[in-house]
Structure formats: structure tokens, C-alpha cells
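# Fold the following, please.
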Amino acid sequence: MFGQLIAAIETGNTVEAARLINEMDYKELSKHNEENFNALHWAVLHNNKEIIGMLLAKEPKLINTMIGNGATALHM
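Modelled structure (predicted):
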């Protein structure tokens with residue numbers, strides 16, 4: 001499901017992203033892809049404010065998740 005969410009973020013498919021986010025728990029949402037980004041980092045990189053809002057509304061603690069260099073989504 002994580003890969004599907006990353007694909008929805010990349011394409012800006014907010015309807016599919018919303019469906020997936022609602023079905024996923026924190027553990028799933030905080031997974032990292034091969035670039036070491038979780039769903040929130042990916043949404044920030046793609047400047048998708050709507051999906052960023054959905055992710056933070058579902059799991060606010062995602063904001064503190066770090067990538068390999070210690071940066072959070074706020075650093076991006």
C-alpha cells in the first residue's frame with residue numbers, strides 16, 4: 001500500500017491518496033522508500049499541500065520523522 005500512496009503523491013491523485021491514507025496506520029505511513037523518504041517527505045517534495053494536510057491530520061507525529069541525514073519535513 002505504501003508504494004501506491006507514493007505513486008498517488010507523485011501524480012497528484014488526491015482522491016486515491018485520501019483513500020490510502022485513511023486505510024493506513026502510523027507504521028505504514030512512516031515507512032521509507034528507497035530515497036529514505038516517508039509519505040510526508042514525498043508530499044513535501046512534490047509540494048502537494050492537500051496531501052500534506054491529510055497526512056498530518058491522520059498522523060501528526062509524522063512531522064518529527066527524520067530522513068537519513070536527520071532532517072524532518074520541516075527542513076525540506
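# Any buried residues in the lowest-mean-pLDDT helix or strand in the chain, and which?
When the helices and strands of the chain are scored by mean pLDDT, DSSP states H and E, helix 26-29 comes last with a mean of 88. When burial is assessed from 16 or more other CB atoms under 10 Å, helix 26-29 yields the following buried residues: 28-29. (Each C-beta comes from the backbone N, C-alpha and C, glycine too.)
# what's the following helix or strand after it?
helix 39-45 (DSSP states H and E).
# which residues touch that following helix?
Residues outside helix 39-45 that contact it (CB atoms under 8 Å, 6 or more residues apart in numbering) are 2, 5-6, 9-10, 21, 29-31, 33, 37, 51-52, 55-56, 62-63, 65, 67, 73, 76.
# Please convert the buried members of those residues into PyMOL selection syntax.
In PyMOL, the members of the contacts of helix 39-45 classed as buried (16+ other CB under 10 Å) are selected with the following command:
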select buried, resi 2+5+6+9+21+29+30+31+37+51+52+55+62+65+67+73
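# pLDDT weak spots in this structure?
66, 68-76 (pLDDT under 70).
# Which residue ranges of the chain form helices?
2-11, 14-23, 26-29, 39-45, 49-58 (DSSP state H).
# Tell me what angle the first one forms with helix 49-58.
It refers to helix 2-11. Angle, helix 2-11 to helix 49-58, by axes from the mean of the first three to the mean of the last three CA atoms, to 10 degrees: 140 degrees.
# Quick one: list the elements packing against helix 2-11.
With contacts defined as 3 or more CB pairs under 8 Å, 6 or more residues apart in numbering; DSSP states H and E, the packing partners of helix 2-11 are helix 14-23, helix 26-29, helix 39-45.
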